[in-house]
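Colleague: Below is the sequence, then the predicted model.
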Amino acid sequence: MDNVGGARKSGLSCAECRRSKLKCDRVFPCQSCIRRGCANICPEGTLAATKGNKVLMAHAQRLSEQVKNMTGRIKELEEALHESQKSNRGRSEPHHLLQTPSQSHDLAELPELRTIYDNEVLDVSESIGSLSIDVDGRTKYHGESVGSEVRQPILVPDAYPPQQSVSTDPKYLGLPFEIIDLCNAYPFGLRGSQYTKFLFLPFLPPYERALELMELYYGNVAWMFDPIVRDDFMTNILTPLYGHTRSPNVNNIHSHRLSVFFIMLASGVLYEESSSSGVLAEQYHALSRAALSIDPIYQDATCATVQALFMTFGHIYQSDRTNNEGRWLLMGLVVRVAQLIGLQRDNAGWGLGQEEIQRRRVLFWDIYSVDAWMSMLHGRPPALNINHTDCCFPEDLDLTIKPSGVVEMGWHAWKFRYSASCLGISVQHVFSTRVPSYSILLELDRKIRKFNMPSHLQSPIEASEAGRSWSAEAPRAMQQYAALCQREANLLYIHRSWFVQAIREAPANPLQHKYAPSVLAVYRSACRLISSLNGLYRVHSKPTDRTWFFWSAIFSACIVLGAIVVDSPQCTLASNALQELEKGMVLYEEGSLPCRPPATVPVLHKLHERALTSFQASQRDIGQPRSRRSSINSGDLNVLGPRTSDVPIMPWRFSSPASSASASGSDRQSSELSDADTSMFNATLANPNLVLPATREFEPYHATGSPEDISVPSPFFDPALQAAMMMPSTQSNQSIAGPSSSMSTPQPLLSSYQQVTPQNFNVNEAYHNNNQEEVWRKYIENLGVMKP
């Protein structure tokens, strides 16, 4: 019978199937040979007798050869790339070994972790900060965001002697030797200590006195940071200490909780109107340190351990403003002990009770918020990273219900979410070793301004503002200003170095500069800080005058306002800036004395005199060309008189090599705004007749839409924004003409800040790669604020 398919079919199997003893379908080529890859020899041919399949072996050999070839190729490429990058650190064409056909394929790149030590990272920021070393080798480092008063001591004129404070040495506080011995072991404690908690029994105040000091603490301190809520303190510390009989007893309380008790008394008694309050505060502070040292923190660490250390940090913050480095180191210890007991990880799945879960979450987010702000103030990286935690936000125990029935989060809940969502990104922006593009800065600015703020936390800016007023309760009013202070001070810190560049490169009119949005942002934040605090001080002067960081923000605001007038007296902002500087100076002199070094007041007076002289001179010279004034002119360094140090040390400063060329930054600009952005700036910021209100809110950033569901934790950070900040800069080096210096016809004012800061703001960051800390340091030296 003929084969319908045309293939020959015989009565015998093919030769290969007979050799291999396989079943053959006798339709050639047979299926067995096809499956084995030898259809071309079927039916007469056979494969050589070998172990295994020869075809598979051949495939394996070919793959092995390809792997060897590719491995060798990769090594050649790595060596060539290494040599190329060693010889040329600038941007250049790819090495010829990289010009392979594979470059034409669009391959998906996997995310990778890179450090500044990788050879391919060429865009690491040169803004390394400032390092001071004295003749004895004592060293201090401060980065770009460091506050003016933290980095260097304020000048102390002879007419203003330093403030006198109570001695913090336990030897001079009338305490027994055993307590002093324990204090000397603080903070790590004594191993195998023979001391017991009964040492502290004579120092426990009566129950009524303890309640009185507790109320002072929660009324004057806990409104800002509350690491141990009132119910927790009453249930787990005060009640075990005094019991139902209200007689002191230390048997039922751990020594670290006893430390929490004493440090709360120390912080509370500071706000007591008594001549002996300072001595009592230091005695309770010493007792707290001694109680913590009975049991070593590395063996007996609990939430109470972290609470005691954190509250001690807060007490030092209130009582000793000069101990910046001590607070910095203590905060680092707080973080390490918190990590030791796992506060950075959410504990809902560990089988803990709801009370313990709430306690741990409250404590962690208070620590995170303070650590981030301390990092910004000192110009040093934080100890906590938002990417290393999954701790949920605690339950909001301070909800506010509006008359309409809408539920708003309380101050602490808002503070936690702001710190996680905005402050965390700001810290990454400031301390990133790769210079983020200016468009990323503007995006971060928008994110901060758009962050929803509950209506009860919105503070009035003007003297009379519809819909806003200060709370009649002092703690609530303080929280109102603290919310504004956090946001505006945050904006001031992230814009400050860009502001300096604009002032230095375009002193005649910095609003024409490509960094004009930073000039406006710094000016607005400074004005809002001063105007709002002036209103709060008139309503609640007593707690306001003792809140240290409020006045620190005002001091910084006065400096930047004075900088505008001194270096850009013909700018359209100069007149208003001078008025705001005068208001801020009067407010600072009147309200900051209880908690600020008096030496800062004459510094502001000198700055105001210089600003007034510069402004009056510019008014006389209107119409005449004004030569560019360098902010680091050595002839200006003695404006405030001789600058001799009372400390017998000679600091040397080391910064990035690029800092020496920072004065010629205008020559380094290789790109400006795009054409669309240029036309927008020509129509708005470049207008010499532009006058902006000092304190009016930016309209696009009023909260709109439905209220936030506070039962669901907000996202910790914006992954897209963070990823953009960490990516290397890919800005073009093409030069584009910037905005013109004059206009034929006046243009209307901007209706919104969003128009001032277009999203596609492409600029070259070559000049910003210079050491911004060095730029700011020399700038404020020229203003006469810091020591040279």
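Modeller: Nice, I can see it.

Colleague: The protein: strands as residue ranges?
Modeller: Here the chain has its strands, by DSSP state E, at 130-133, 139-142, 400-401, 407-408, 652-654.

Colleague: Find the residue ranges of the stretch 51-200 of the chain scoring beneath the pLDDT cut-off.
Modeller: For the stretch 51-200 of the chain, the stretches flagged by pLDDT under 70 are 51-56, 85-167.

Colleague: so who does the residue lying closest to residue 248 once chain neighbours are set aside touch?
Modeller: With Cβ to Cβ, 6 or more residues apart in numbering as the criterion, residue 248 has its nearest non-adjacent residue at 3.9 Å, and that residue is residue 204. Glycine gets a C-beta too; all of them are placed from N, C-alpha and C. Shown in contact with residue 204 (Cβ atoms under 8 Å, 6 or more residues apart in numbering): 210, 241, 248, 250.

Colleague: Now list the buried members of the residues you listed.
Modeller: Burial of those was assessed by neighbour count (16 or more other Cβ atoms under 10 Å); the buried members are 210, 241, 248, 250.

Colleague: Just the pLDDT for the first one.
Modeller: Read that as residue 210. Looking at residue 210, its pLDDT is 96.

Colleague: what about it, distance to residue 223?
Modeller: Between residue 210 and residue 223 the distance, using Cβ to Cβ, to the nearest Å, works out to 20 Å.

Colleague: Columns distance to residue 330 on top of the contacts of residue 204, output as a markdown table?
Modeller: What follows is those, written out as a markdown table (distance: Cβ to Cβ, whole Å):
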| residue | distance to residue 330 |
| --- | --- |
| 210 | 25 |
| 241 | 25 |
| 248 | 28 |
| 250 | 25 |
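
Colleague: Name the nearest of those relative to residue 188.
Modeller: Among those, residue 250 lies closest to residue 188 (Cβ to Cβ), at 21.9 Å.

Colleague: ok, and the closest non-adjacent residue to that closest one?
Modeller: With Cβ to Cβ, 6+ apart as the criterion, residue 250 has its nearest non-adjacent residue at 4.2 Å, and that residue is residue 197.

Colleague: Please report how far that neighbour lies from residue 504.
Modeller: Shown here: residue 197 relative to residue 504, a distance of 61 Å by Cβ to Cβ.

Colleague: which intervals of this structure have sub-threshold pLDDT?
Modeller: Checking the chain against pLDDT under 70 turns up 1-11, 50-56, 85-167, 463-466, 622-788.

Colleague: contacting residues around residue 591?
Modeller: With contact set as Cβ under 8 Å, 6+ apart, residue 591 has these partners: 533, 537, 541, 544-545, 551.

Colleague: Which pair of those residues spans the longest distance?
Modeller: Farthest apart among the contacts of residue 591 - using Cβ to Cβ - are 541 and 551, which lie 12.7 Å from each other.

Colleague: Settle it for me: which of the two has more neighbours?
Modeller: Relative neighbour count places residue 551 above the other of residue 541 and residue 551, with 23 against 13, counting by other Cβ atoms under 10 Å.

Colleague: Settle this for me: the more buried one is touching residue 597, isn't it.
Modeller: No - the pair residue 551 and residue 597 does not pass the contact test of Cβ atoms under 8 Å, sitting 10.3 Å apart.

Colleague: Name the surrounding residues that touch stretch 468-479.
Modeller: Contacting residues not belonging to stretch 468-479 are listed as 219-220, 223-224, 411, 456-461, 480, 535-536, 539-540, 542-544, 547 [Cβ under 8 Å, 6+ apart].

Colleague: For burial, what's the neighbour tally of residue 428?
Modeller: By other Cβ under 10 Å, 21 other residues sit near residue 428.

Colleague: and if you look at residue 259?
Modeller: So residue 259, with other Cβ under 10 Å, has 29 neighbours.
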